[in-house]
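K.L.:
Model the structure of this input:
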Amino acid sequence: MTITLDIKPELEAELAAQAAARGMDVLAYAAILLEQAAQPAERQQRKQTLSEFLMESPLAGSGIVIERDKDPGRDIDF
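P.N.:
Numbering: from 1, shown residues only. Prediction:
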């Protein structure tokens, strides 16, 4: 299937920069982005933030306190 899109020049530049950073052709990179966006919600993989991970942990709300000794550091000779 062929799709033609009219996008703003700044979006085109950003898309080209992201594609180049991945060593990809702009059209191939855009196709991958469209494929990812078209995935059903349950199949889309979203990166979880650290706070989300900690809040969803089985230990969340358990009252466990984890402490560690502070690193006293060391002297460095110059």
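
K.L.:
middle-most residue in this protein, spatially?
P.N.:
Nearest to the geometric centre of the chain sits K47, at 5.6 Å (C-alpha atoms, centre = their mean).

K.L.:
What ranges in this protein fall below the confidence cut-off?
P.N.:
The model of the chain has pLDDT under 70 over residues 41-45, 59-61.

K.L.:
Show me where it has its helices.
P.N.:
9-21, 26-38, 50-55 (DSSP state H).

K.L.:
possible to save those as JSON lines with mean neighbour count?
P.N.:
Bear in mind the C-beta positions are built from the backbone N, C-alpha and C, glycine included. Below are these laid out as JSON lines (neighbours: other C-beta atoms under 10 Å):
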{"stretch": "helix 9-21", "mean neighbour count": "12"}
{"stretch": "helix 26-38", "mean neighbour count": "12"}
{"stretch": "helix 50-55", "mean neighbour count": "10"}
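
K.L.:
CSV please, covering those and showing distance to I3.
P.N.:
Formatted as CSV, these follow (distance: least, C-beta to C-beta, whole Å):
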stretch, distance to I3
helix 9-21, 14
helix 26-38, 8
helix 50-55, 34
